[in-house]
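Participant: missing the sequence, but the structure's below:
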Ligand code: AMP
């Protein structure tokens, strides 16, 4: 397909915030996409080269893109840099630079989406000596045959910052509109589509289920063209991580019981971090909640699951809780988080602060997909295959009850043991990847926090010069757009020994810098912080429409991806609850 067709759709999506308009634009593109192109078109639509289960990065620095723009247009690096400083988006810089060039170059070959994808894939996998020059060449080659608008999106894709918001829900619905056997009438003037709602929900569910299992919209789209049979054949593949199920929040047992029904399963809510562990073909792979592979960082986990789980193939969901090997005392997340990104002395650190796995779910076992089984059945499978061993692997401590009093006692006991509170779950509930459905409720004892993404900062002054201060924080809306909710400077330390420091955060942010004007800097959204706050207020100062009162950094959440950040909806809910109370 001509890359220009994809670019037209990006432009349409960029120019609207209406989900139906986006869905329409994408579905029209999907209708004219061939079987051969479908998987890469789906990926490129979201500015990616790999499906959701594969967290590989393109990993190209802005400097390299500057060079590629220079090489392909003959413009000087200095001029490009100046433009970049003024405009703040290298995509727009590329667009304008190419526009100037095309006044003299009349002949241009049409660029195909396939070519763009192939070159960028090469860029993302190239390593070793000479690879930097080769990467510049590959990008420059695309630029040379790109029209101005095409150059804009190539650059944004390379930099993994497409700035075009397409959420999972929108993409799923686009596949439904394009390929499922259902009549849908769209009128851009109307706020809803004209469709048989019951039928529509049914086909949406078919697509959603296929995505839940594959975590790959390309595979789903290709199957959807072939029909429902092909969709149903899609299965979970151990080794490819799927999105984790999420919980909603309640503030008391009564409301939690009302939501999930009784009897309910109540489990300790451990304070560690989520791990999805896969075993297949004699191999074990460990993933974080953001689905990044951390197998190398957790050698003891590979041992524990190999020794204590009697199954050949499985996907389990658990909370890894760190403890001090000497004292046997459990450690809070802040202590253990360093293990996630540790690249050296891994074995020594694993010996000093190992993790204990608190398993609470199983999604796949020896050829069988368990997503649609009830929690009761899934737990029974776990009880059959797991041999518990303290400090290695245990099943989440649980109680099944309809009694509020018993639930309260269990909650108190959990908090006394140092846990965050309890999870209250519907016994009949299925496992819904990626969803905050009301069958899992969290009840926390600690002050509630938000997970927010750093999107900007100011260069510090005086004692803090050389560091980023006043970090701009953002939540995420349903289309993956980041919206600011405030700025934070409190909670970070000046000395690294005292905890998460300005210096450490600055080092993490430097490679993510997008623009710099005076002291103001913006970043690619990548780093997630857990933030405490006193209150949420309505505010016109920030793009979310809300502001945090007295925000304070609690910790760095390396286990969470920017898309995992607290949603705008969550902030609205929190604001409404506050008003009520
Ligand atoms: P929160 O991070 O506050 O949204 O709470 C949900 C998180 O609690 C999950 O993502 C898990 O990492 C963690 N968790 C701890 N214990 C459990 C449990 N028994 N069941 C489910 N999640 C748990």
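Facilitator: That came through fine. Please read these numbers as outputs of a predicted model, since none were measured by experiment.

Participant: CA only for contacts and neighbour counts going forward, please
Facilitator: OK.

Participant: do the helix or strand where residue 265 lies and the ligand meet?
Facilitator: Using DSSP states H and E, residue 265 falls within strand 264-269. Yes: shown here: strand 264-269 in contact with the ligand (Cα under 6 Å from any ligand atom) through 267-269.

Participant: any idea which of these is closest to the ligand?
Facilitator: The ligand lies nearest to residue 269 out of the residues of strand 264-269 next to the ligand, by Cα to the nearest ligand atom, at 3.5 Å.

Participant: gap between that closest one and residue 424?
Facilitator: 9 Å (Cα to Cα, to the nearest Å).

Participant: what do those two both touch?
Facilitator: Listed as contacting both residue 269 and residue 424 by Cα atoms under 8 Å, 6 or more residues apart in numbering are residue 442.

Participant: now this structure, which segments are flagged as low pLDDT?
Facilitator: Within the chain, the ranges that satisfy pLDDT under 70 run 102-108, 580-581.

Participant: up against the ligand, what does it have?
Facilitator: So the chain meets the ligand at 246-247, 267-271, 273-274, 319, 360, 396, 423 (Cα under 6 Å from any ligand atom).

Participant: CSV for those residues, including distance to residue 85?
Facilitator: Shown next, in CSV, are these (distance: Cα to Cα, whole Å):
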residue, distance to residue 85
246, 40
247, 42
267, 52
268, 51
269, 47
270, 46
271, 43
273, 39
274, 40
319, 44
360, 50
396, 52
423, 48
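
Participant: closest one of those residues to residue 338?
Facilitator: residue 273 (11.8 Å; Cα to Cα).

Participant: since we're on the closest one, how many residues are nearby?
Facilitator: 23 (other Cα atoms under 10 Å).

Participant: returning to what we had before: and residue 269 and residue 424? Which one has more around it.
Facilitator: A direct count of neighbours by other Cα under 10 Å for residue 269 and residue 424 places residue 424 higher, at 32 against 24.

Participant: need the next SSE after the one helix or strand residue 133 maps to, C-terminal direction.
Facilitator: For residue 133, the host element (DSSP H and E) is helix 131-144. Per DSSP H and E, the first helix or strand lying C-terminal to helix 131-144 is helix 148-158.

Participant: report the distance from the helix or strand that comes right after that next one to the chain centre.
Facilitator: Using DSSP H and E, the helix or strand that follows helix 148-158 in sequence is helix 168-179. In this view, helix 168-179 has its centroid 19 Å away from the chain centroid, taken as Cα atoms, centre = their mean, to the nearest Å.

Participant: and helix 168-179, what does it pack onto?
Facilitator: If contacts are counted by 3 or more Cα pairs under 8 Å, 6 or more residues apart in numbering; DSSP states H and E, helix 168-179 sits against helix 19-31, helix 197-214, helix 217-226.

Participant: how about the shortest one: buried residues?
Facilitator: Taking 16 or more other Cα atoms under 10 Å as the neighbour-count basis, helix 217-226 is seen to contain the buried residues 217-225.

Participant: equivalent analysis for stretch 185-195, please.
Facilitator: Those would be residue 186, for stretch 185-195 by 16+ other Cα under 10 Å.

Participant: from the chain's centroid, how far away is it?
Facilitator: The chain centre lies 31 Å from the centre of stretch 185-195; the measure is Cα atoms, centre = their mean.

Participant: adjust the sequence numbering to begin at 491 for everything that follows.
Facilitator: With the count now opening at 491, the last piece we talked about shows up as stretch 675-685.

Participant: measure it end to end?
Facilitator: 7 Å.

Participant: neighbouring contacts of that stretch?
Facilitator: Residues outside stretch 675-685 that contact it (Cα under 8 Å, 6+ apart): 510-511, 514, 673-674.

Participant: closest residue of the stretch 491-640 of the chain to the ligand?
Facilitator: Residue nearest to the ligand within the stretch 491-640 of the chain: residue 543 (17.4 Å; Cα to the nearest ligand atom).

Participant: quick one: residues contacting the nearest residue to that residue once chain neighbours are set aside.
Facilitator: Leaving out its chain neighbours, the residue that sits closest to residue 543 by Cα to Cα, 6 or more residues apart in numbering is residue 731, at 5.3 Å. By Cα under 8 Å, 6+ apart, residue 731 lies in contact with 543-544, 705, 766, 768, 777, 781.

Participant: specify the local secondary structure of residue 731.
Facilitator: Here residue 731 is coil, with the state taken from DSSP: H, G, I helix; E, B strand; the rest coil.

Participant: just want the phi and psi numbers for it.
Facilitator: phi -70, psi 150 (degrees, to the nearest 10).

Participant: mind checking how far it is from the ligand?
Facilitator: Look at residue 731 and the ligand: by Cα to the nearest ligand atom, to the nearest Å, they are 15 Å apart.

Participant: ditto for residue 720
Facilitator: 32 Å.

Participant: please apply the same query to residue 718.
Facilitator: For residue 718, the distance to the ligand (Cα to the nearest ligand atom) stands at 32 Å.

Participant: measure stretch 961-977 end to end?
Facilitator: The straight-line separation of the ends of stretch 961-977 (Cα to Cα) is 5 Å.

Participant: from the structure, what's the count of residues near the closest residue in space to residue 554 that isn't next to it in sequence?
Facilitator: Nearest residue to residue 554 in three dimensions, chain neighbours excluded: residue 626, at 6.2 Å (Cα to Cα, 6+ apart). By other Cα under 10 Å, 22 other residues sit near residue 626.

Participant: residue 626 against residue 557, yeah?
Facilitator: Yes: counting by Cα atoms under 8 Å, residue 626 touches residue 557, with 6.7 Å between them.

Participant: highest mean neighbour count out of the helices and strands packed on helix 658-669?
Facilitator: Most buried of the helices and strands packed on helix 658-669, by mean neighbour count (mean count of other Cα atoms under 10 Å): helix 707-716, with a mean of 22.

Participant: quick check: residue 754 vs the ligand, distance?
Facilitator: Relative to the ligand, and taking Cα to the nearest ligand atom, residue 754 is found at 13 Å.

Participant: wait, is the residue of the stretch 491-640 of the chain closest to the ligand part of a helix?
Facilitator: No: counting by three-state DSSP, residue 543 is located in no helix; its state is coil.

Participant: need the phi and psi values for it.
Facilitator: Per-residue torsions, residue 543: phi -80, psi -10 (degrees, to the nearest 10).

Participant: ditto for residue 843
Facilitator: The phi/psi pair for residue 843 (degrees, to the nearest 10) is phi -130, psi 80.

Participant: neighbours around the closest residue to it other than its chain neighbours, how many?
Facilitator: Distances taken as Cα to Cα, 6+ apart place residue 814 nearest to residue 843, at 5.0 Å, with adjacent residues excluded. Residues near residue 814, counting by other Cα under 10 Å, number 16.

Participant: equivalent analysis for the one 10 residues further on, please.
Facilitator: Residue crowding around residue 824 was assessed by other Cα under 10 Å; the count is 16.

Participant: name the element it belongs to?
Facilitator: Using DSSP H and E, residue 824 falls in helix 823-826.

Participant: repeat for residue 1044
Facilitator: Going by DSSP H and E, residue 1044 is part of strand 1042-1046.

Participant: pull out the buried positions in the following helix or strand past that strand.
Facilitator: Scanning forward in sequence from strand 1042-1046 by DSSP H and E, the next helix or strand is helix 1058-1070. By neighbour count with 16+ other Cα under 10 Å, helix 1058-1070 contains the buried residues 1058, 1060-1062, 1064-1065.

Participant: quick check: residue 1019 is in a strand.
Facilitator: Yes: assessed with three-state DSSP, residue 1019 lies in a strand.

Participant: redo the residues of strand 754-759 next to the ligand as TSV? Include distance to residue 690.
Facilitator: Below are these laid out as TSV (distance: Cα to Cα, whole Å):
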residue	distance to residue 690
757	36
758	38
759	37
